[in-house]
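>>> Sequence and predicted structure are below.
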Amino acid sequence: MPPPQRTNVGEVRPNQLILTYGVGSVIELPYLSAMVMGLEDWPAARAVAISEERLLRAVRRQLGGQVEKLLAPPTVPDTAGRPFNPFDDEWKIGVPVAHFPRWLMCPYCRILAPISSGIFTFEPEPYRPDRARFIHANCPRPGRPPEALPARFLVACPKGHLDDFPWLDWVHRGAQCNGPLRFLETGASGEAADVQVRCDTCKTARSMALVFTDQGKSEMPACRGRRPHLRDYDPQGCTETVKPILLGASNSWFSILLSALSVPSQSGRLEQLLEQQWSAFERIRERRDIELLRTFQGLRDFADFTDGQIWEALERMRQGGDAQEERDLKVAEWEIFSAANLIRNSPDLQLRPVQPPPAYSRWIERVLLVERLREVRALVAFTRIDPPGEEGQAMRAPISRNAPRWVPAAEVRGEGIFIQFNESQIVNWGLRCGDLDRQFQRAHAGWRRSRGLDPDTGYPGLRFVLLHSFAHAVIRQFSVECGYSMASLRERIYSRPPGQEAPMAGILIYTAAPDSEGKLGGLVSLGETRELGRHLQAAFDSLELCASDPLCAESVPEQQFLSLHGSACHACLFAPETSCERGNRYLDRSVLVETVERRGWSFFGQ
């Protein structure tokens with residue numbers, strides 16, 4: 001594959017390069033279809049470091065200790081008022097891409113060929129880079145040569161490999177003939193049944209509708225292990241059979257993210273300041289370096305502290321960081337939320353406690369209005385075909401050829417509502433719902449067994465089902481009232497049963513945006529005591545009857561190995577993938593309300 005084009009031909013937001021158009025994804029630019037390249041091709045020198053030490057430690061546990069920092073995607077500096085100069089290096093800052101797929105089609109004469117054939121010509125536009133395109137210069141159409149379109153069919157495998165569709169082998173059924181091919185559409189619907197590929201040389205033709213049948217899938221070749229985002233082939237090879245997918249399909253790329261809220265792990269003001277600016281201090285190894293840092297960066301926030309005090313605090317934090325190396329990312333957050341210690345409020349996290357709704361005070365122990373929060377998200381890998389789950393490292397596609405020294409990250413700011421459940425109530429409820437717990441356990445074991453995974457590990461417990469279902473019910477209700485779309489609200493589940501460590505039982509519903517403060521107060525206002533009680537009642541009322549009942553109410557986890565849910569569907573509990581931590585698995589509205597099919601499992605009673 002040739003080097004990626006360094007011309008800016010499109011724009012996306014920094015957060016989209018983590019969630020939607022990350023490394024290995026296909027992005028539709030104005031006139032091109034392109035693949036976002038691996039980290040080796042990114043201009044890391046133009047990126048800005050993001051400080052979040054807890055998240056960085058978690059990334060190192062997954063990708064190795066060589067990871068040095070989290071970097072925001074490179075952005076073009078503000079050029080307002082300056083004339084456009086296509087030869088200025090500042091206009092070339094961005095994330096590199098390469099043309100993909102490599103097969104193109106002329107929309108007029110319908111010829112289908114790879115870029116390497118020379119049939120299509122790349123036509124750059126130095127003064128309008130967004131108009132760069134491929135054209136079919138020798139097309140018989142009179143007038144301006146038509147723009148070439150990317151081929152609509154690709155092949156992928158569950159291990160993250162992606163390749164061009166094997167057009168020649170598919171049309172000729174393995175016979176030796178090199179073309180040229182024509183992509184013919186016999187109908188106006190654009191469906192695969194209306195698409196036929198024909199060879200001009202041997203006149204062989206074949207319908208693309210067969211691609212998605214059992215016969216067509218059985219004729220798909222073995223995966224070549226191609227990794228176009230890294231411009232190589234998997235050195236370990238691949239034993240999977242490729243599966244046909246469509247260009248732009250939602251299952252062609254799923255991000256695997258690690259995220260952490262910025263919570264003060266230290267109670268002192270100096271320690272909190274060091275945490276917030278850790279990227280500037282983490283490389284300091286001698287006391288005299290602090291004086292140099294003051295000289296070059298100012299450090300106005302540290303004016304009240306001497307170099308000796310800063311050095312001693314740094315030493316304490318480094319020693320304490322080793323002890324926290326294996327802690328779960330959510331543990332520190334839970335400790336802050338469950339204690340509700342307002343003294344530890346910081347510019348990145350501001351909490352305000354309110355009384356739980358009186359009608360629900362028996363079950364809800366604490367409600368916190370998170371008036372300000374900061375979340376940092378880091379991209380560590382991605383998957384294709386199947387969304388991220390418990391498949392392990394084998395199905396994760398890497399974002400770099402070598403062990404990465406940094407990973408792309410994005411920070412967002414927003415607001416939220418934290419709800420902590422009464423621990424004794426959850427324990428008692430779990431004892432009387434043992435039958436439902438066993439149903440979910442058997443469903444979980446069957447789901448993992450069907451994927452060749454250990455069926456006896458990874459079960460989150462019935463407590464998680466309750467918290468997860470409650471979070472989805474609240475998200476759906478809030479989206480109606482607060483003005484945010486359902487996809488912009490996210491959940492964060494804190495679930496851990498009693499045992500060797502302290503139990504956790506709570507949820508955080510929040511919204512955050514990368515391009516602004518993300519805080520308008522609309523979500524926080526719904527957490528006030530009276531408002532929250534009204535919305536919880538409305539959420540539970542809407543769950544008693546589902547538009548898909550009685551089918552939804554009759555669903556049990558053991559019949560849903562592909563989804564791992566009970567009484568839940570798109571009409572009552574499912575949420576967008578941007579909102580849900582577990583891909584709409586482990587959901588059941590019967591743990592919240594009594595349905596037409598099940599009674600006695602509701603946590604909140606009748």
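Happy to help now that I have it. Fair warning: this is a prediction, and the values are worked out from it, not measured in the lab. Numbers count the residues shown, from 1 in each chain.
>>> How far does the top helix by length along the chain sit from its chain's centre?
When the chain is parsed with DSSP state H, its longest helix is helix 462-481. Chain-centre distance of helix 462-481: 20 Å, with Cα atoms, centre = their mean, to the nearest Å.
>>> So which elements touch the helix or strand following that helix?
For helix 462-481, the following helix or strand on the C-terminal side (DSSP states H and E) is strand 489-496. For strand 489-496, the packing partners by 3 or more Cβ pairs under 8 Å, 6 or more residues apart in numbering; DSSP states H and E come out as helix 329-339, helix 462-481, strand 504-513. Where C-beta positions appear, they are placed from N, C-alpha and C, glycine not excepted.
>>> Pull the distance from strand 489-496 to the chain's centre.
With Cα atoms, centre = their mean, you get 15 Å for strand 489-496.
>>> ok, now stretch 141-158?
On Cα atoms, centre = their mean, the centre of stretch 141-158 falls 28 Å from that of its chain.
>>> Name the spans of the stretch 1-150 of the chain whose pLDDT lies under the cut-off.
For the stretch 1-150 of the chain, applying pLDDT under 70 flags the ranges 1-10, 76-92.
>>> Which parts of it are helices?
Using DSSP state H, counting those that start in this stretch, the helices found in the stretch 1-150 of the chain span residues 16-19, 53-63.
>>> from memory residue 125 sits against residue 131, does it?
Yes: Residue 125 lies in contact with residue 131 (Cβ atoms under 8 Å); the separation is 4.3 Å.
>>> on contacts alone, who are the packing partners of the longest strand anywhere in the chain?
Taking DSSP state E as the criterion, the chain has its longest strand at strand 364-383. Applying 3+ Cβ pairs under 8 Å, 6+ apart, we find strand 364-383 packed against helix 16-19, helix 53-63, strand 254-261, helix 329-339, strand 349-354, strand 406-421, strand 504-513.
>>> what's the model's confidence in that strand, averaged?
Strand 364-383 shows an average pLDDT of 93 in the prediction.
>>> Could the C-alpha coordinates of it be exported in PDB?
Extracted in PDB, the C-alpha atoms of strand 364-383 (Å, rounded to 0.1, in the frame of the first residue of the first chain):
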ATOM      1  CA  ILE A 364     -31.800   4.400  47.600                       C
ATOM      2  CA  GLU A 365     -29.200   5.500  50.200                       C
ATOM      3  CA  ARG A 366     -27.500   8.500  48.500                       C
ATOM      4  CA  VAL A 367     -28.000  10.800  45.600                       C
ATOM      5  CA  LEU A 368     -25.300  13.100  44.400                       C
ATOM      6  CA  LEU A 369     -25.600  15.800  41.800                       C
ATOM      7  CA  VAL A 370     -22.300  15.800  39.900                       C
ATOM      8  CA  GLU A 371     -22.300  19.400  38.800                       C
ATOM      9  CA  ARG A 372     -19.000  19.100  37.000                       C
ATOM     10  CA  LEU A 373     -17.000  16.100  35.900                       C
ATOM     11  CA  ARG A 374     -14.100  15.300  33.500                       C
ATOM     12  CA  GLU A 375     -13.700  12.000  31.800                       C
ATOM     13  CA  VAL A 376     -10.700  10.900  29.700                       C
ATOM     14  CA  ARG A 377     -11.100   8.100  27.200                       C
ATOM     15  CA  ALA A 378      -8.200   6.200  25.600                       C
ATOM     16  CA  LEU A 379      -8.400   3.900  22.500                       C
ATOM     17  CA  VAL A 380      -6.400   0.700  23.100                       C
ATOM     18  CA  ALA A 381      -7.700  -1.700  20.400                       C
ATOM     19  CA  PHE A 382     -10.700  -2.400  18.200                       C
ATOM     20  CA  THR A 383     -12.800  -5.400  16.900                       C
END
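>>> And residue 95, how close does it get to residue 231?
For residue 95, the distance to residue 231 (Cβ to Cβ, to the nearest Å) stands at 15 Å.
>>> Ok, residue 153 next?
22 Å.
>>> repeat for residue 154
Distance from residue 154 to residue 231, by Cβ to Cβ: 17 Å.
>>> Next: residue 444.
With Cβ to Cβ as the criterion, residue 444 and residue 231 are 39 Å apart.
>>> So those two - more neighbours on which side?
residue 444 (24 against 18; other Cβ atoms under 10 Å).
>>> Is it correct that the more buried one falls within a strand?
No: per DSSP: H, G, I helix; E, B strand; the rest coil, residue 444 lies outside any strand segment and is helix.
>>> Can you give me every residue that contacts it?
455, 458, 459, 557, 564 (Cβ atoms under 8 Å, 6 or more residues apart in numbering).
>>> Among these, name the buried ones.
455, 459, 557, 564 (16 or more other Cβ atoms under 10 Å).
>>> what's the pLDDT at the closest residue to residue 433 other than its chain neighbours?
In space, and not counting its chain neighbours, residue 433 is closest to residue 601: 5.2 Å by Cβ to Cβ, 6 or more residues apart in numbering. pLDDT for residue 601: 90.
>>> And residue 519, by the same measure?
61.
>>> wait, doesn't residue 37 sit right on residue 23?
Yes: between residue 37 and residue 23 there is a contact at 7.1 Å, judged by Cβ under 8 Å.
>>> if I look at residue 401, how far off is residue 23?
In terms of Cβ to Cβ, residue 401 sits 11 Å off from residue 23.
>>> Now list whatever residues contact both of those two.
residue 38.
>>> So for those two, which residue has more residues nearby?
Between residue 401 and residue 23, residue 23 has the larger neighbour count (other Cβ under 10 Å), namely 28 against 15.
>>> Leaving out chain neighbours, which residue sits closest to that one?
residue 399 (4.1 Å).
>>> Turn the helices of the stretch 1-150 of the chain into CSV, columns for distance to residue 75.
Below are these laid out as CSV (distance: least, Cβ to Cβ, whole Å):
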stretch, distance to residue 75
helix 16-19, 10
helix 53-63, 20
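>>> Switch the ones you listed over to CSV; also include distance to residue 489 and mean neighbour count.
Formatted as CSV, the helices of the stretch 1-150 of the chain follow (distance: least, Cβ to Cβ, whole Å; neighbours: other Cβ atoms under 10 Å):
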stretch, distance to residue 489, mean neighbour count
helix 16-19, 14, 20
helix 53-63, 22, 20
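>>> Go through those and name the closest to residue 378.
Proximity to residue 378, assessed across the helices of the stretch 1-150 of the chain by Cβ to Cβ, is greatest for helix 53-63 (5.4 Å).
>>> Output the contacting helices and strands for the closest one.
Using 3+ Cβ pairs under 8 Å, 6+ apart: helix 53-63 touches strand 69-72, strand 254-261, helix 329-339, strand 364-383, strand 406-421.
>>> before we move on, the earlier item: helix/strand/coil for the residue nearest to residue 433?
coil.
>>> Residue 522 contacts residue 488, correct?
No: at 10.9 Å, residue 522 and residue 488 do not qualify as touching, with contact defined as Cβ under 8 Å.
>>> Settle it for me: which of the two has more neighbours?
Using other Cβ under 10 Å, the more surrounded residue of residue 522 and residue 488 is residue 488, with 20 against 14.
>>> which residues sit against stretch 328-348?
With Cβ under 8 Å, 6+ apart, stretch 328-348 has contacts from 54-55, 58, 258-265, 267, 272, 276, 324, 349, 351-353, 366, 368, 372-374, 413, 418, 420, 492, 494, 504, 506, 508.
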